[in-house]
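**Student:** take this sequence and fold it.
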Amino acid sequence: QMQPVESGGGLVQAGGSLTLSCVASGAPFTGYPLGWFRQAPGKEREFVSVISWSGGSTVYEDSVKGRFTISRDNANNTIYLQMNSLKTEDTGVYYCARGRYQTVLIRRLSAYDSWGQGTQVTVSS
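**Tutor:** I've put the predicted structure just below:
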């Protein structure tokens, strides 16, 4: 099974910025939404954002609205998550995954498959 590959994580101070990338190549990803999730230590994996195949529709979790921006470059099979004004509570492993349903953007974890290995984001105070 093909998997997306995330990159761009790292250590940053609160208030700083990072841009994550997710390369999702191949037919299994064509035409499908791609989403970002995160998992903090000791917590469940949670939804962050999702973008439609065209890039014309996006959904954000409330705590990241106005700070994070998801975008998509289908020519390069890549989605991005631009993260600004980072907070310590943004710390976690960030995962990219394919939405199961082509025409609907869903927050629910079970609506996604083809998970990447994740990239660590650590925000220090």
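
**Student:** partners of the worst-scoring helix or strand of the chain on mean pLDDT in the sheet?
**Tutor:** Every helix and strand of the chain was ranked by mean pLDDT, DSSP states H and E. The lowest is strand 112-113, at a mean of 94. Here strand 112-113 is paired, per DSSP bridges, with strand 92-99 (antiparallel).

**Student:** ok so, going back, quick one: the least confident helix or strand of the chain to chain centroid distance?
**Tutor:** 12 Å (C-alpha atoms, centre = their mean, to the nearest Å).

**Student:** endpoint to endpoint, stretch 7-22 covers what distance?
**Tutor:** 6 Å (C-alpha to C-alpha, to the nearest Å).

**Student:** oh, that last question was meant for stretch 9-28, not what I typed.
**Tutor:** Span of stretch 9-28 from end to end, C-alpha to C-alpha: 25 Å.

**Student:** now tell me what touches the least confident helix or strand of the chain from outside.
**Tutor:** 35, 37, 97-100, 106 (C-beta atoms under 8 Å, 6 or more residues apart in numbering). Every residue, glycine included, has its C-beta placed from N, CA and C.

**Student:** do that again at 10 Å, thanks
**Tutor:** 1, 3, 28, 32-35, 37, 45, 47, 50, 95-101, 106 (C-beta atoms under 10 Å, 6 or more residues apart in numbering).

**Student:** could you give the bridge partners of the spatially most central residue of the chain?
**Tutor:** The C-alpha lying nearest the average C-alpha coordinate of the chain belongs to residue 36 (C-alpha atoms, centre = their mean; 2.0 Å). Following DSSP bridges, residue 36 is listed with bridge partners residue 49, residue 96.

**Student:** surely it touches residue 90?
**Tutor:** No: counting by C-beta atoms under 10 Å, residue 36 stays clear of residue 90, with 11.6 Å between them.
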